[in-house]
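Colleague: 3D, please:
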Amino acid sequence: MERLLEEIVEKLRKAHGERLVSIVLYGSGAVPEGRDALSDFNILCVLKQVTIAELHDSEAVFRWWREMRNPSPLLLSVDEVRTSTDSFPMEFHDIRERHVILHGEDVVSGLSIDPAFYRAHVEHELRAKMLRLRQKAGGMLSDNLLLLRLMAESVSTFCVLFRHALRIAGESPKFARREVIAAAGTRFGIETEAFDTLLDLREGKRKPKSVVEPGALFARYLQGIATVVEAVDRM
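Modeller: Next up, the predicted model:
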């Protein structure tokens, strides 16, 4: 992965030249202990401006990076980084707290994030992801393997959202997924066994066939999520 990160830096430098201000690796892939086989490597590319010309010059890099099974880099101008924190407080909290500068200026460490919309944003994301999970599960409840895959792929997202819920509740949560789940169990009273089982599946510590009654596991998983949503709604 280090080789690929060096390669994308070089490709973005060639594509944008003096327009390039910073390249930032953020998210779970930014620290070795946060990575697993399903982790994305998220790249924030900060330019002096973002127009159709910059998008055109990025096309080949984006296509190559997607072929490496990563999401396309996020292109923002310097001004957009400074003025978007109120619209995306959760995302910028994460970027500010866990990132690696791969090239150029550190444009994120000193960001000021207005908390005014933070709670509402976290509740919105929790509800939206829960509804999406239910929507997808509705078409695969009788297929145990697909249902387990859906849950294993989604649990990382809910760990991120639970961490933000804990922060709003006045806690100082860690980034490690299992620590987040344990803290959520203590703070919100959720049953953590379902989440730990799904993390075991995600990390390859358990085989899908070892899970008895995936439907019952999904019910406990969904109940835990709903409990946190209700707690955030009351804050």
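
Colleague: Nearest residue to Met68 in space, ignoring adjacent ones along the chain?
Modeller: For Met68, ignoring the flanking residues on the chain, the nearest one in space by CB to CB, 6 or more residues apart in numbering is Leu4 at 6.0 Å. Any C-beta I mention is one placed from the backbone N, CA and C, and that applies to glycine too.

Colleague: and what of His99?
Modeller: Once its chain neighbours are removed from consideration, His99 has its nearest residue in Tyr26; the separation is 4.3 Å (CB to CB, 6+ apart).

Colleague: re earlier: secondary structure element holding the residue nearest to Met68?
Modeller: Using DSSP states H and E, the element containing Leu4 is helix 2-16.

Colleague: How about residues contacting that helix?
Modeller: 20, 23, 25, 41, 43, 45, 47, 54, 57-58, 60-61, 64-65, 68, 73, 102-103 (CB atoms under 8 Å, 6 or more residues apart in numbering).

Colleague: correct me, but the residue nearest to His99 touches Leu102?
Modeller: No. Between Tyr26 and Leu102 there is no contact under CB atoms under 8 Å: 10.2 Å.

Colleague: anything in contact with each of the two?
Modeller: Taking CB under 8 Å, 6+ apart as the criterion, Tyr26 and Leu102 both touch Ile43.

Colleague: ok so, going back, list the ones among the contacts of helix 2-16 that fall in strands.
Modeller: Applying DSSP state E to the contacts of helix 2-16, the entries found in strands are 20, 23, 25, 43, 45, 47, 102-103.
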